[in-house]
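1. no sequence for this one, just the structure:
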C-alpha cells in the first residue's frame, strides 16, 4: 500500500473523528434501549430482593475484585447489618441537555448505630469540559455520622463543608476570591494529606467530586455546542479550527488536592455498569461459594479475621439458604472467576 | 425483617432463576440490536481503515493491557509487517439453534515470509454443556508456517493434527477407542508440557479449543432443550428436578491436557467485545501516545528493545500522521489509561 500524503492522512483522520461520533450516538441509543428493556426486570428484582435477607450485602460481597477491593471489613459490617436496598437510576435519559450516561446510585439503610441517614444517594453527571475531558462528576453527600462512628475520619464532613462553602462563594458573586483560599479548602486538603488512602473506608466514596476537575452543567453544554458545530463543519467539508481551550493545569491540581476518593468515578461505573445489571448472578455466587471447598474458604477467612475481630461473617449469612438445588450453575473455573 | 422459612427461600430462588433467564433473553436481544446499529458503522470503518497504513497493527498495539500482554514482540512484528485487516462477525445471529454470542475473528495478511495463509479465521461457538457449563469453544486453525518461521514451536500444527484425528475417529464409528490413545493426543500433550506457556506466541491462540472441554452442537442443543423445559415447569409452579449430568472430571482433564492456549476464550472476548467496537479510539491513542512526553516513551522503549533487536518500532509507524489537529482528545489521566 502506498503511503498516503499528509493531507490525505488529515482527511482520513477527520473522517475517523466523524465516524467515532456516530459510534458514540449509537452507544447512547443502546443505553436507552438497554434501560427500557431492563426496567421491568429491575422492578421485579427489587420486589424479590426485598423478600431475601441480606440480598444486597451478599451481592456486594461477591462483586468483582476491582470493586470488592474498595470495601474494608468495617464497611462490610455496615452492609451486613443494615443495608436494605441498592438502586441505580438514570435521571437524564431523555434530557436533551443531559446524558443517558448520568446516573444516581442509592443505598437505603435501616436504623443503625453508625449514621442517622436512611438513604445515601449519590448523583453522577456525565459531562464534557471545554478543554476536551469527558466523564462523571459528582457532589459530596453528607453523612450524619453518629459520635465516634465516622469510618472516614472526618473526610466526608470536610468534603461536604467545602462543597457548601464553594456554592456560597459562587452565589456571593465575589469573583476575586479564589476557592483555594477558603478555610474549608485548606481543612480538607490537610485532612487528605494526613489520611492513608489505601485504608479508606468505602464511605469516603460519597465525598467524591471528580477525577479530573469539577465541570458545571453550563460548561458541559458549551462544550457540546462547540463539538456539534465542529461536526457540522466537518460534514460540510469545511476546515475546522479546533479552538479547544488549553487545559488549565492549576485548576486540575486544585481539584485533585481536595479529592477524597480519586477513583470514585471508576467505582461508580463498576457499581452502575457491572454490579447492578448482574446482581442476581453475584447473589447466586454467594451460595455457590458456600458449597465450595470449605476448608479453603475457612483458611482464607481466618487470616482475614485477624485484621478485625468485629467482622461479621458475611458468608455465614448464606448458610440459611444453603441447598444443593440452588446450585444450578456451571462447574467451569472460568465462570467461577468473579 | 423476619428470616424466611426454607420453603420460602427455595421459592425465591426459583423466581430469581426465572428472572435471571429473562435478563439473559434481554442480553441476547441487545446483542442483536447492537449488531444491527453497528453494522453500517463497521462497514464505513473498514473502508476508511483500508486507506490508513498499519491501522489494525496500531489498534492492537494500543489495546488494553489484558489483551496486549498476549502479544510477544515477534507477534507485533508480523502485525506491523503484514496485517491488512481484522474483522469480527456474528454468524449465528438469527439461527434458532445457535447464539448471537457466537462469532468469527478474521485476520487478513499480505504475502509474507512467515506463513502462506492470507486469511486466518477463527470461529467461536457459544455453547451450553449438559453438565451446566456455558461458554465459547473453537477449533484449531491450520497455519501453514514457512520453514523455520513457526513462532509456536509446532503447537498449532500438533493441535490441528489432533483435531483432524479426532474427527476421523468420530466418523469411523469406533466407539471403544479413546481419544487419549491417539498418537496425535500424546504428541500434543508432550509438546505442551515442553513449552513454556508464558512465552507463547499469540499465534498459538489459533489452536485454542476450550477452557472447560469441547461441547458439540448436539450437546448444546440438548442442554438448551432441557433448560427450556425446566423453565416452563417453573413458570407453571411445578416441581423441577434438576437432573443435570454430573461433570465428568476425566473429560475435562483430558481436554485441558491438550489445550494449547487455556485463556483463548478470554482473549477472543477481549478482541470481539472490547477491541473491535472501540478500534478507532485505540488507533487515536497511538497518535496521542506519540504526542506525549517523548523522553519517557523513548526510555521505556529502549528497555524493551533490549529484548529483541528485530523488533519493529511500531510507534514509529504513527509518526507520519503526527499532527496536533489529530489530538482532539481529553487530557485526563483517566482517559489516557488504556
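-> Great, that's in hand. In this text, all values refer to a predicted model and were calculated from it rather than measured experimentally.

2. Now do the phi/psi pair for the residue nearest to residue A:88 when sequence neighbours are not counted.
-> Among residues not flanking residue A:88 along the chain, residue A:276 sits closest, at 4.4 Å (C-beta to C-beta, 6 or more residues apart in numbering or on different chains). (Each C-beta comes from the backbone N, C-alpha and C, glycine too.) Dihedral pair for residue A:276: phi -60, psi -50, per degrees, to the nearest 10.

3. Can you give me the neighbour number for residue A:276?
-> Close neighbours of residue A:276, defined as other C-beta atoms under 10 Å in any protein chain shown, add up to 19.

4. Next, find the distance separating it from residue A:220.
-> 24 Å (C-beta to C-beta, to the nearest Å).

5. Kindly report the same for residue A:84.
-> With distances taken as C-beta to C-beta, residue A:84 is found 34 Å from residue A:220.

6. These two: who's more crowded?
-> More crowded of residue A:84 and residue A:220, by other C-beta under 10 Å: residue A:220, with 21 against 16.

7. Please tell me how far the more buried one sits from residue A:126.
-> 8 Å.

8. Ok, residue A:167 next?
-> Counting by C-beta to C-beta - residue A:167 and residue A:126 are separated by 21 Å.

9. do the same with residue A:29
-> 15 Å.

10. On the three-state scheme, the residue nearest the centre of chain A is what?
-> Among the residues of chain A, the one closest to the centroid is residue A:268, at 1.1 Å (C-alpha atoms, centre = their mean). Secondary structure, DSSP: H, G, I helix; E, B strand; the rest coil: residue A:268 is helix.

11. Confirm for me that it is in contact with residue A:126.
-> No. Using C-beta atoms under 8 Å, residue A:268 makes no contact with residue A:126, being 10.5 Å away.

12. anything in contact with each of the two?
-> Taking C-beta atoms under 8 Å, 6 or more residues apart in numbering or on different chains as the contact rule, the neighbours common to residue A:268 and residue A:126 are residue A:136.

13. For chain A, give me the ranges with low pLDDT.
-> A:1-3, A:197-198, A:241-252, A:289-338 (pLDDT under 70).

14. Can you get me the start-to-end distance on stretch A:147-164?
-> End-to-end distance for stretch A:147-164: 22 Å, by C-alpha to C-alpha, to the nearest Å.

15. Which phi and psi values does residue A:17 adopt?
-> The phi/psi pair for residue A:17 (degrees, to the nearest 10) reads phi -60, psi -40.

16. And the residue in the stretch 51-200 of chain A positioned nearest to chain B, how close does it get to residue B:281?
-> Nearest residue of the stretch 51-200 of chain A to chain B: residue A:133, at 4.2 Å (C-beta to the nearest C-beta). Distance, residue A:133 to residue B:281, using C-beta to C-beta: 15 Å.

17. Between the two, which is the more surrounded one?
-> A direct count of neighbours by other C-beta under 10 Å for residue A:133 and residue B:281 places residue A:133 higher, at 24 against 18.

18. hang on, that one packs against residue A:215?
-> Yes. Counting by C-beta under 8 Å, residue A:133 does reach residue A:215; the two are 7.2 Å apart.

19. Am I right that residue A:23 is in a helix?
-> Yes. Residue A:23 forms part of a helix when assessed by three-state DSSP.

20. My guess is it contacts residue B:44. True?
-> No. At 10.0 Å, residue A:23 and residue B:44 do not qualify as touching, with contact defined as C-beta under 8 Å.

21. Tell me how many other residues surround residue A:123.
-> 18.

22. Does it touch residue A:139 like I think?
-> Yes. Assessed by C-beta under 8 Å, residue A:123 is found in contact with residue A:139 at 6.8 Å.

23. just checking, what packs against the host helix or strand of residue A:11?
-> Following DSSP states H and E, one finds residue A:11 within helix A:6-49. Applying 3 or more C-beta pairs under 8 Å, 6 or more residues apart in numbering or on different chains; DSSP states H and E, one finds that helix A:6-49 contacts strand A:83-89, helix A:217-235, helix A:279-291, helix B:6-49, helix B:279-291.

24. For chain A, just list every one of the helices.
-> A:6-49, A:55-61, A:65-68, A:73-82, A:155-172, A:183-194, A:217-235, A:249-257, A:264-269, A:279-291, A:294-307, A:333-336 (DSSP state H).

25. got the buried residues for the longest strand seen in chain A?
-> Ordering each strand of chain A by length in residues (DSSP state E) puts strand A:119-128 first. For strand A:119-128, the neighbour count (16 or more other C-beta atoms under 10 Å in any protein chain shown) marks A:120, A:122, A:123, A:124, A:125, A:126, A:127, A:128 as buried.

26. How much space separates the closest residue to residue A:99 other than its chain neighbours from residue B:254?
-> For residue A:99, ignoring the flanking residues on the chain, the nearest one in space by C-beta to C-beta, 6+ apart is residue A:126 at 4.0 Å. Taking C-beta to C-beta as the measure, residue A:126 falls 49 Å from residue B:254.

27. likewise residue A:170?
-> Where residue B:254 is concerned, residue A:170 sits at a distance of 68 Å (C-beta to C-beta).

28. The two: which is more packed in?
-> Comparing residue A:170 with residue B:254 by neighbour count (other C-beta under 10 Å), the higher total belongs to residue B:254, at 18 against 12.

29. Identify the residues contacting the more buried one.
-> Taking C-beta under 8 Å, 6+ apart, we find residue B:254 in contact with B:179, B:180, B:213.
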